[in-house]
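**Student:** Coordinates for the following, if possible.
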Amino acid sequence: MPQGIPHGIFNKSGRTVKCLFWVSPTRKLFELFNAIHNVPDPAEVVRLAALHEVDFLPPPGP
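**Tutor:** Numbers count the residues shown, from 1 in each chain. Have a look, this model is predicted:
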């Protein structure tokens, strides 16, 4: 998933999925993960992510 190009992963299986990603360079991701730890509100996660150079896009249409 190249930096600067929108990308995503979607679980449409109805089952729990675990994913593991390696990110390089990490930029502000470590600080972002600390900031969103235990934040239950998705809108707040999106807001905090933007402050850490991560922009969430809506999922694609059906």
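**Student:** gap between Lys12 and Trp22?
**Tutor:** 24 Å (Cβ to Cβ, to the nearest Å). No exception for glycine: its C-beta is placed from N, CA and C like everyone else's.
**Student:** Then Asp55?
**Tutor:** 20 Å.
**Student:** more neighbours, those two?
**Tutor:** Of the pair Asp55 and Trp22, Asp55 is the one with more neighbours under other Cβ atoms under 10 Å, namely 9 against 5.
**Student:** contacting residues around the more buried one?
**Tutor:** If a contact means Cβ atoms under 8 Å, 6 or more residues apart in numbering, then Asp55 has Ala49 as its contacts.
**Student:** Repeat that for Ile36.
**Tutor:** Glu44, Val45, Leu48, Ala49 are the contacts of Ile36 under Cβ under 8 Å, 6+ apart.
**Student:** swap the cut-off to 7 Å and go again
**Tutor:** Counting by Cβ atoms under 7 Å, 6 or more residues apart in numbering, Ile36 touches Val45, Leu48.
**Student:** Ramachandran angles for it?
**Tutor:** phi -100, psi 0 (degrees, to the nearest 10).
**Student:** per-residue confidence at it?
**Tutor:** Listed pLDDT for Ile36 reads 96.
**Student:** Look up how far Ser24 lies from the nearest residue to Asn11 once chain neighbours are set aside.
**Tutor:** Nearest residue to Asn11, sequence neighbours excluded (Cβ to Cβ, 6 or more residues apart in numbering): Val17, at 4.5 Å. Relative to Ser24, Val17 is positioned 23 Å away (Cβ to Cβ).
**Student:** Of the two, which one has the most company?
**Tutor:** Val17 (9 against 6).
**Student:** Quick check: pLDDT value at the more buried one.
**Tutor:** Reported pLDDT for Val17: 93.
**Student:** cool, Met1 as well?
**Tutor:** 69.
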